[in-house]
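>>> Just the structure for this:
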Amino acid sequence: MKLNSADVRIPESSVSVYDAIFRRRNVKEFAPEPVSRETLERLFSAAIWAPNHRLTDPTRFFAVRKGSAMRKRIAAAAWQSTYDGVANPNPEQKRRSADASRDRVLNAPAMVYVYSLGGDNEEVTRENYATSCCAIQNMALAAVAEGLRIDWSTGGLTRIPGLAGILGADEAWTMVGVVFFGRSAAAPNTRRRPHSEVVTWLE
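Numbers count the residues shown, from 1 in each chain. You can find the predicted model right below:
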């Protein structure tokens, strides 16, 4: 069943598109407040309207509830994967790094793995991946409207051995990242080059 854009119920918000774009931040430290399933459902509803001109609906989401057996299983796998991957031979350093990975998984208020499906050819596969990246950006902007921030990671937590099998994802799918959601523990700030330095006007 396909949703009709004319029938979509748009959540009320006082946050403008420009507010969301300029206030969106990737943060590492979250306040302990939980993120409700209802809030995540609204973010997912925004995600699926990412640009997708072939209408392939390529993005798959795996929401891992905090405190669940699955979250604990992923945390344990993350600990072992990090411990095994630390180049420093010092066991204490390896344990500190592994503990940090485990705690990042266990403590995040909300956690979602995102995959992109392959296409019939390389071009469609690339387009699908771009759509899935846009889907995460949609979620990041909608999160601002919900008073939340995200941490979109493509690091070690996306390369845990056997992760697809743990989640129930297809091994052939492309990992787009793991996204954490929550209220920022501090006021996030960052910097960018002005757009005038990266735009070329052609006559």
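
>>> Output the contacting helices and strands for the helix or strand hosting N128.
Assigned by DSSP states H and E, N128 belongs to helix 122-145. Packing partners of helix 122-145 (3 or more C-beta pairs under 8 Å, 6 or more residues apart in numbering; DSSP states H and E): helix 17-23, helix 37-47, strand 59-63, strand 110-116, strand 149-153, strand 174-182. C-beta here means a position set from N, CA and C on the backbone, and glycine is covered the same way.

>>> contacts for the third one?
Residues external to strand 59-63 that are found in contact with it (C-beta atoms under 8 Å, 6 or more residues apart in numbering): 40, 44, 47-48, 50, 110-117, 128, 131-132, 135, 167-169, 173, 176.

>>> who touches the nearest residue to T125 once chain neighbours are set aside in this structure?
Using C-beta to C-beta, 6 or more residues apart in numbering and skipping the chain neighbours, the partner closest in space to T125 is G119 (4.3 Å). By C-beta under 8 Å, 6+ apart, the residues touching G119 are 56, 58, 125-128.

>>> And the closest residue to Y129 other than its chain neighbours, how close does it get to A63?
Distances taken as C-beta to C-beta, 6+ apart place S116 nearest to Y129, at 4.7 Å, with adjacent residues excluded. Counting by C-beta to C-beta, to the nearest Å, the separation of S116 from A63 is 16 Å.

>>> Neighbour count: the two, which is higher?
Legend: neighbour count by other C-beta atoms under 10 Å for S116 and A63, higher for S116 (23 against 17).

>>> quick one on the thing from earlier: JSON lines for the helices and strands packed on helix 122-145, including mean pLDDT?
Output for those, formatted as JSON lines (pLDDT from 0 to 100):
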{"stretch": "helix 17-23", "mean pLDDT": "95"}
{"stretch": "helix 37-47", "mean pLDDT": "98"}
{"stretch": "strand 59-63", "mean pLDDT": "98"}
{"stretch": "strand 110-116", "mean pLDDT": "98"}
{"stretch": "strand 149-153", "mean pLDDT": "97"}
{"stretch": "strand 174-182", "mean pLDDT": "98"}
